[in-house]
Each structure stands twice: as structure tokens, then as C-alpha cells.
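Enquirer: Structure here, sequence nowhere to be found:
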């Protein structure tokens, strides 16, 4: 028996050796002309079914018989490459296929490693598939240097993202080269773009000045999102997933690929819904995407794209964070395990129906038509005309009168005030007592004291972006010039949607601020107490107009055998504003003055490739940018046509140095930056703590705010063997306010204040209008962790399997501050105390995927567990200007999410 076993083993060893000697394991990497990986390229033996595909780094491994003399590599948009097989094939370079024309509007805004002199990071569609799970779309960037992504209050799509300490209004977001930041205040609501994760082809961050070709670039950085287009592969996919708290998602994508007649069509539809991780934050979101492209001939190509994400969700307001002690106390309502899920505005009405004062509903589609004209072999013109017509808003409670000796205002709808749980309408189980509001209104003899309004914010936005590119000296000197024009009108009003049991509502709290010289109706004392019902307008009703027209240009010169790349860029633009008010002004006085601000940019940078492994770069730039419509050009843009006489352009100066190293198994980048931000206009808020208006909020509008942001960033990738990869990053910043700023005070309705007891001044900038100088020079900028880091590993233990883990941490995160009314005296400066240094936090995220065949189709099962160890840590907090920040005087505190999970099956055909 032993001899038989020995003979069998010998036969197998000999047979295996013979087979092994006739098979070669070919390993290599597929890249484009810029050295960037070509993802998903097909590597095969012609005339056989033997083949594989490149991974997200362009790597492939293919076993072929020794007698095979040729391997073909194919990828849509590139010429097919035929190469001789070998064990170590190195980098195989693919050249673009002439049948696809490059869209300069898109590609010119996307930076290239070892060529563009900026600090950049890139996320592929495959990485989004594997790592996003049920996180918010911006959170895919949390392992990127300089990026701070948080969930804010925790509702669906309510996440926010900062770069290098700059908030979202100073981070440009572009989709296919088209800017999407709000034209009035500069920020981005990610709930409007929640479906982008399903259609993104690649997502790139450019930190600092960036390389995006528009007339008004960003300050902190740029997020470039490129969606699927003519390069989409023929076929499609369907998917279904589930996750914690009732989350479920389903979707389908279909693509014809580029057909012989030159047409290509891609369609996608998806849906996501759930109860939300935070108490009372149900959400329901749809997503659609359509791309119809036509290659007309060798010189012309058209592409029509439309996408949108209609959604509605309930929130936990960013005003409803509690104190550290307050979060411990809500264990009485939620238990120990779920206390950080507590939502102070969640509750029920008298009929047992779930209620919330923080509902959001919005649909912001974007439609664009791109035209590419390849004029000749040296020059091209790419143009995109786009339009966005949005509709939606969110709930905003209104209030007036008295109840049980307490003054009622819109802040009575808040679940908490400066970290303290509001108890006027609070049930013993901790829920907000909407039933008591109904009972109060039903018993009132003067109509409803509290009503709910829909804060409607719709807009029409039209734009044209056209870019001309010419290789003045082939492969040496390239010129790029273009125009960037935009027109935007935003419609803003508050419409009563629920009287909460009352018969009518009187908006005297808002109408008291209407001056007879501005609106003749205010001369009638009865107008202030007009009885209003559902559908009537309260608080505000205005249109904000913004237009921008500019041009930009860039020269790129390559020398020393493509080792040195010099870039010189500049732009000029005019930004204009005006508003039309239909509430505080009558028709004769509705239109404000027109405001115009000239701005411009100048940037210079260079990248030098020392050799094929090492490169260095630097960039420097100066930006002069118009102040925003809200809180900048207009002193109180919600309720007043009063313009800011001190409004001037913001100025930004920035300088950056970087070094990169790259070989077959290791790549690393390190860069240092310095940015000075000057003449910023900004707003702080606080609560009136004494007098007849105690409990109301006030706002402090400042100008002349300077800040200094500098730091060092490092990221690396280590791949010693094919089945193992390690990635890491470390970002150390130093962000401080660099000036003392002067500003004026306004009440929660936008009216000028005489003092911080809530009494109104005689007019905006009148002699009795309360003002102060805020001494904040040298104080740390809050709201962003100034040290972030991550370490991730990926294992591919066997064919089709992938297991990954990412550890992320944050430190030196400082509380933001609010101006304390107790810290103000007429004519005196306000001293800003040092903020609270929030303890460091960290979490571990796991991801896994397994690809297999099901019914002859390719399928992948994805699984994600975020914050595996269920570790809670503080991410956002505020402290007062009046005293040094500590854990026990911090408020508006929000913690990280605990453990969450999702599972998704995707089938491709």
C-alpha cells in the first residue's frame, strides 16, 4: 500500500513538473502615456479564452503556455497592443485610440502625477465599490491627506468635508469639469449628489490651488468627479444591498458601449432607503443617470448627460449637539448603548404620528451638452453648456407669543440650545412634545403660537464653459484658453405647511422688522397682525441673482526630454450680485443695488522628473476672489437689500513644495504648503441670554478676517507581492486665525441690533448699530482635525477574493467658537479664549469582496463593517469666546457613528 502511494505521488510530481515547465506566469503593468494605470484592460491570448483583466493599479498576472508567441492587451479608448510574453513584462504602454476624442473641459481639470505640479490623490470606481459601503460619498476620501470628512448631525447626505482646514465653501467640487458649488454661499449639500457614487468613473482631489481650469478656483482644494461617458463598457449590472438600521439599496445600469454607428448610451437608476443610524432620520433617495454620446466623425463628438438624486430625509440639526454631560444624561431615554443616536427633535404628535422639525427634501438635476471639436492634430475646442433647475427645501419652525411664561420664537423648535436640552416641549421619554404644541395652539385665542414652514430654496442655473487647446510646439508647448460664464437666480421663501392645530398664524415677529419707507403695507398697523394660513408666506421672500463671466489661460512647457514641465496660468472674472425682495420691500423698492467685483488668479508651478522614480514639484499662486452673496456682499442677505459698504475681495497667497518616489513595489509622496487667507467675510452666532429676547439667536457679521494654514502631508503605497498591499497617510497641519476682525450684530430675523439684549437699532450701519472687534489673532481654527492619519492593508488570498482593513485617526481637533453675549460690552473689544483641544479619535474599517460566476455571469459580493470596535469619539464641538475651552464647557458636541455594516451583491452582464 505504501509503495502504491509513493508511486502515485511520484507520478503526480513528475506530471506537475512537466506541466509547470510548459507554462509561464506573465506579470506586468498596463499604463498610459503619462504612466497612469489603465484599469480593467483585457490581457489575453489571441484566439483562446485564456485571459485576465488589470486591477486598480494596472497590474496583471496571466499563465500562458511556453509556445505562445503573442499576448494582446485591449482597453476601450486605446489602441490594441501586441507584446511577446515573458515572466517580467514591466510596464506596457497603451496609446489613445483615435476614435475617441478627449474632452478638454473634463481632462484639463484632472491633474496627472509626475506632470502636474500639485498634490493630488485619486479614487477609482473599483475602490468606491469596495470601500464606500453605506458611508456618505465624501467619506471615501477620509484616508486622503488634508481631508476631514464628518457626518455633521448624522442625517442622510448631511456630511461635510474640509480640506487643509478650509470649510466646504472654500473647497471646489466639479462634476465632469462643471462647478457645482452654490453660487450664493459657496458650499455643497452632499444630499443633492448622493447618487454620484453609482456613476463615478474616477474621483480626484487636488489639494491647495489645484489645476482646475475655471475662472474662480478654490482655496483649500478641488474635488473632481468624472462620470461614465463614451468610455463605458458594453453590458450592465444589477445590484442589491442591505445594511444596519433598515438600509436597503437596489439599482441597475445598462450600457451599449461604443457602437459601430458611433453612438453610445449609458442608463442608470438606483434607490436607497432606510431608518437612519440616528434616531428619527428616515431617508428615501432615488438616483438616475443618462449619457447619450455620438461620435459624429473624426473631428466632432457630442455627449448629452443628465443626472439627479431626488431625496427626502429627516435630520438631526447641527444645532442639536449636546454637552458631554448632556450626552451621558440621555442614557435615561436611549440606554447606554444608543445614547449617541439620540435626536432631540424626534417625537410624536397627539395622534401618534412621527414628527420632526428638520425634514429636508430636494431635487437638483444637472443637464449638460458637451461638444468636442478636434480642429486638427494640434488643436481642439471643447465646450459644455449646462443647466440646473432645482426645487426643494427644508422645514423651519416659526414662533411668536408666550407659553407658560416663556417667550416663543422659531428657536423654540430647536431640540437644544447651546448644548442644553430644551425642556419646554419635552416628554418624560425624551421625545420632543409635538402633541403639546398642538394642544397649545388649539387652546390659543390668538391663533397658533408655533407653526411649521417649508423653507423653499429653488434655483435656475445656466452656464457655458469652453476650452481651446493648442500644441504650439508639438510635445513641447501647449496653450489652453477658455471662457467661463454663469447665471444663477435663487428663489427663497418660507411657506406655512402646518398650523399644528391652530386656526391661523400672525407673523408679527417677522413683520415688525418691515419699515414703512421700504414697504408701504407696513404703514397699516393691522398688517403686522394679518391672519395667515397654510400656503401663506412668512419670514422671507426674495430672489438672489448672481452672474459671473470670466476667462482663463494656461501655458504648459515641457523640456529636457519631458523631464521638466512648467505651468503658468491665470484668470480674470467679474462677479455680480443683486437681490429682489417681496416681503420687506414693496414693488417700488424691491430691487437692490447691483454689486460687481473684479477678481483674478495667477499661478505658476513646475514638476521635474529627476529620473523614472523620483520627481519634485512646486507651485505658488495668488487669488483675488469676490465675497459671497450671503454674509459678504449683503449684510443680511435673507431679509435686507442693505449692501456691505466694506465688502472687498478675499485674497489668498499660497506656496507648496512636493517630492515623489515610485518604483515597482513602493510609491510615496510628501509635500509642504503655506497658505495665507486675507480679508475674508464671515459670520458667527450666539444666544441672547438676558432681557425680553432671551433665548433668541444673534449673528455677528465680520469682515477683514485673516487666517494662516500650513502643514506637511505624506502618503505611500507598498506592494511587495501581488496579493498584499499597504497604504498609509499622515497629515500634520497648523491652522490659526491671523487677524482681529470688526463686525456688526443682527438678530435671528436679520435686523440690526442696538445691543445684545435683542433691541433693534434704527438701521443697518446706523450710529446705534452694535459693533465690536473680535480679538482672535493667534487662536486655532476650529472645525477640522489638524492631524489626521491612516494605515490600510489589502490581502488577496485567492482568486476573486479581497480583504481590506483601514485604521484612521484624528488629533489636534479644536472646537469652533461662538461669540458670547456675556463677553460683549458696547464699544469694547471681544477677547477670544483658546478653544478646547478635543481628544484624539480613531476607528477601524473592514471591507471584503469576492468575485465569482453565477449562471455564467460575473458577480461580486461586497461586505463592509465601519468602526468595527464600536468606538465613539468627539468629532465636532463649540466653545464660548468668554472662557478657555474644556470638555465640561464644550457644547454642540457630536460623536462619531458607532459600528455600521452593509452587504451588497452586484451581478455584471
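Expert: Received the coordinates, thanks. Keep in mind the model is a prediction, meaning the values are calculated, not measured. Residues are numbered from 1 along each chain as shown.
Enquirer: can you count the residues close to the closest residue to residue 342 other than its chain neighbours?
Expert: Excluding its sequence neighbours, the residue lying closest to residue 342 (C-beta to C-beta, 6 or more residues apart in numbering) is residue 330, at 4.5 Å. Yep, even glycine has a C-beta here, placed from its N, CA and C like the rest. As a burial measure, residue 330 scores 20 neighbours (other C-beta atoms under 10 Å).
Enquirer: residue contacts, residue 312?
Expert: Under the criterion of C-beta atoms under 8 Å, 6 or more residues apart in numbering, the contact list for residue 312 reads 283-285, 359-362.
Enquirer: Residue 243 is in contact with residue 274, isn't it?
Expert: Yes. Contact criterion C-beta atoms under 8 Å: residue 243 and residue 274 qualify, at 7.2 Å.
Enquirer: Now do the shared contacts for the two.
Expert: By C-beta under 8 Å, 6+ apart, no residue touches both residue 243 and residue 274.
Enquirer: which residues sit in contact with the closest residue to residue 325 other than its chain neighbours?
Expert: Leaving aside its sequence neighbours, residue 325 sits nearest to residue 888 (C-beta to C-beta, 6+ apart; 7.1 Å). Neighbouring residues of residue 888 by C-beta under 8 Å, 6+ apart: 323-325.
Enquirer: do residue 740 as well
Expert: 773-777, 829.
Enquirer: of these, buried ones?
Expert: Using 16 or more other C-beta atoms under 10 Å as the burial test, the contacts of residue 740 include 773-776 as buried.
Enquirer: doesn't residue 879 make contact with residue 889?
Expert: Yes. Counting by C-beta under 8 Å, residue 889 does reach residue 879; the two are 6.1 Å apart.
Enquirer: So for these two, which sits in the more crowded spot?
Expert: Per other C-beta under 10 Å, whichever of residue 889 and residue 879 has more neighbours is residue 879, with 28 against 18.
Enquirer: Show me the strands in the stretch 751-900 of the chain, by range?
Expert: For the stretch 751-900 of the chain, the strands defined by DSSP state E, counting those that start in this stretch occupy 771-775, 785-795, 801-814, 816-818, 830-831, 837-838, 841-854, 857-866, 874-880, 891-895, 900-908.
Enquirer: swap in the stretch 351-500 of the chain?
Expert: Per DSSP E, counting those that start in this stretch, the stretch 351-500 of the chain carries strands over the ranges 354-355, 359-363, 366-374, 379-399, 402-403, 406-407, 416-417, 420-421, 432-433, 450-473, 477-498.
Enquirer: Deepest-packed of those, please.
Expert: Most buried of the strands of the stretch 351-500 of the chain by mean neighbour count (mean count of other C-beta atoms under 10 Å) is strand 432-433; its value is a mean of 23.
Enquirer: Show me how far that strand is from its chain's centre.
Expert: Centroid separation between strand 432-433 and its chain, computed with C-alpha atoms, centre = their mean, to the nearest Å, is 32 Å.
Enquirer: Outside of it itself, list whatever touches it.
Expert: Against strand 432-433 from outside (C-beta under 8 Å, 6+ apart): 344-347, 355, 357, 415, 425-427.
Enquirer: one more time with 7 Å, if that's ok
Expert: For strand 432-433, the surrounding residues in contact (C-beta atoms under 7 Å, 6 or more residues apart in numbering) are 344-347, 415, 425-427.
Enquirer: And stretch 863-874, by the same measure?
Expert: Here stretch 863-874 makes contact (C-beta under 7 Å, 6+ apart) with 133, 135, 340, 838-839, 841-848, 893, 895-903.
Enquirer: in the stretch 351-500 of the chain, what spans have low per-residue confidence?
Expert: Flagging of the stretch 351-500 of the chain using pLDDT under 70 yields an empty set of residue ranges.
Enquirer: ok, 90 please
Expert: Residues of the stretch 351-500 of the chain that meet the criterion pLDDT under 90 lie in 377, 407, 410-411, 417-418, 475.
Enquirer: do the stretch 501-650 of the chain as well
Expert: For the stretch 501-650 of the chain, the stretches with pLDDT under 90 are 509, 512-513, 561-562, 612, 630-632, 634-636, 642-647.
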